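S.K.: show me how the following folds:
(one chain, ligands or ions: 1)
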Amino acid sequence: MRRKSANLFQEAQRYLPGGVNSPVRAFRAVGGCPFFIERGEGARIFDVDGKVYIDYVGSWGPLILGHAHPQVVRALQKAVERGTSYGAPTELEVTLARGVTEALPSVEMVRFVSSGTEAVMSALRVARAYTKRDKIVKFAGCYHGHVDSLLVKAGSGALTLGIPNSAGVPQAVVKETITLSYNNLDQLREVMEAVGGEVACVIVEPVAGNMGVVPPRPGFLEGLRELTHQYGALLIFDEVITGFRVSYGGAQGLYGVRPDLTCLGKIIGGGLPVGAYGGRQAMMEQVAPLGPVYQAGTLAGNPLAMTAGIETLNLLRDEGVYRDLEERGRALAEGMEEAYRRANLSCCLNRVGSMWTLFFTQGPVQDERDIERIESKRYATFFGAMLDRGISLPPSQFEAAFLSAAHTSQDVAITVEAAQEALQVVSPE
Ligand SMILES: *Cc1c(COP(=O)(O)O)cnc(C)c1O
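M.R.: All right, here's what the predicted structure looks like:
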């Protein structure tokens, strides 16, 4: 029993909607009571009831170095003594901006904001201002933060007008949003033939991470680049997860496709609240005070967040980090695959480097329709059985799990062993 967590969760629900500040934390998709965290260290988190877990949530992506990396912590301790916010420029912003532009050749100029949501919202504004067009194309199953115009479900036909899938989003706000199927270039081609001249941008997670991990099919990203170029629309890569995750140069580096605008967040804040959007100079010159696109932030470029980001990127510059992540990722995937085969379950493990999802379906899982067919009860059982064995996975079938540089091969072996037992209690289809 996690008694302290249970008590805290009960009280939390009096003051916070659902007891949390972000919905998936409430464990609704897997049932049971979320555990409250006391501290994190390396690959492990410790809850208020004294239980320890190997953590594959990693704060939902930012913690590629693991929890409380000593070098990041030391830098933050020094920074905090100099003050926590000035509302005036610092050298730290220049340093991190230089680091980001060096890592991503498509990004010549960057603006820091305080969250991924803000980054996406602002990038859309820039795209619309630059192209003087209103329509935006997104893909079902891709999440781009809680931006009003992107909280849209797929319509039945490619040209169906958007239907908001959140209350409080006016129809008028999403009527310029077109939602297509992930990995489906034919649909985009059709839409572009019909209304390409009105499309400001196509926004995509270059590796989808928010329906569980769904990699781009070979040619998908290249096709997006070609079609947007052909119709004068901008291509926006939402690399809030993939930036500095799937390679130091993000998904654009890994797949060799250069977007016009890039959204970042998560890792570039090293665990502090950050987002960023950037791209070619001509586009970023649209942004105030240089241009007519207004966008501002009281805590934007915050010195603590910049410090954590700078230290994190410094540590990631060592290529060995990504080689090790790939190696551990492969070992984990192979171990899991053997485990579900041995348990006579048909599963599908999707992985790109250190981001992965074990789907409880035969697979392949390539788009949101494959996702919609998955019955997530079996994942919930697996999740609970893993938690009992000291392994913390994302509390939803439709979220990516993350390895960090702090996960050792022994951690991976412990995890695979736990999975072998846990999968025994999952019923076949
Ligand atoms: C997390 C995420 C966002 C939103 O970032 P927040 O910091 O949570 O606002 C946007 N896009 C993608 C791809 C994400 O994974």
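S.K.: isn't N302 right next to S85, touching?
M.R.: Yes - with contact defined as Cβ atoms under 8 Å, N302 counts as touching S85 (5.7 Å). C-betas here are computed from N, CA, C, even on glycine.
S.K.: what mean pLDDT does the helix or strand hosting E226 get?
M.R.: Per DSSP states H and E, E226 falls inside helix 220-231. Summarised as a single mean, pLDDT over helix 220-231 is 98.
S.K.: in it, which residues are buried?
M.R.: For helix 220-231, burial by neighbour count (16 or more other Cβ atoms under 10 Å) applies to F220, L221, G223, L224, R225, L227, T228, Y231.
S.K.: surely C348 is in contact with I371?
M.R.: No - taking contacts as Cβ under 8 Å, C348 lies outside contact range of I371: 11.0 Å.
S.K.: overlap in contacts, these two.
M.R.: Residues touching both C348 and I371 by Cβ atoms under 8 Å, 6 or more residues apart in numbering: V365.
S.K.: and the gap between G40 and L393?
M.R.: To L393, G40 is 16 Å away according to Cβ to Cβ, to the nearest Å.
S.K.: what of L403?
M.R.: When L403 is compared with L393 (using Cβ to Cβ), they lie 12 Å apart.
S.K.: the residue of the stretch 251-400 of the chain found nearest the ligand and L387, how far apart?
M.R.: Per Cβ to the nearest ligand atom, G265 is where the stretch 251-400 of the chain lies closest to the ligand, at 4.6 Å. Distance of G265 to L387, given as Cβ to Cβ: 27 Å.
S.K.: tell me the SS of S346?
M.R.: coil (DSSP: H, G, I helix; E, B strand; the rest coil).
S.K.: quick revisit: what packs against the helix holding E226?
M.R.: helix 185-195, strand 199-204, strand 234-238, helix 250-255 (3 or more Cβ pairs under 8 Å, 6 or more residues apart in numbering; DSSP states H and E).
S.K.: and it with helix 185-195, angle?
M.R.: Here the directions of helix 220-231 and helix 185-195 differ by 10 degrees (axes from the mean of the first three to the mean of the last three Cα atoms, to 10 degrees).
S.K.: please save the CA atoms from helix 220-231 in PDB.
M.R.: Output of helix 220-231 as PDB, limited to C-alpha atoms (Å, rounded to 0.1, in the frame of the first residue of the first chain):
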ATOM      1  CA  PHE A 220       6.900  10.400 -45.200                       C
ATOM      2  CA  LEU A 221       9.000  13.300 -44.000                       C
ATOM      3  CA  GLU A 222      10.600  13.800 -47.400                       C
ATOM      4  CA  GLY A 223       7.200  13.800 -48.900                       C
ATOM      5  CA  LEU A 224       6.000  16.500 -46.500                       C
ATOM      6  CA  ARG A 225       9.000  18.600 -47.400                       C
ATOM      7  CA  GLU A 226       8.300  18.200 -51.100                       C
ATOM      8  CA  LEU A 227       4.600  18.900 -51.000                       C
ATOM      9  CA  THR A 228       4.800  21.900 -48.700                       C
ATOM     10  CA  HIS A 229       7.500  23.300 -50.900                       C
ATOM     11  CA  GLN A 230       5.500  22.800 -54.000                       C
ATOM     12  CA  TYR A 231       2.500  24.700 -52.600                       C
END
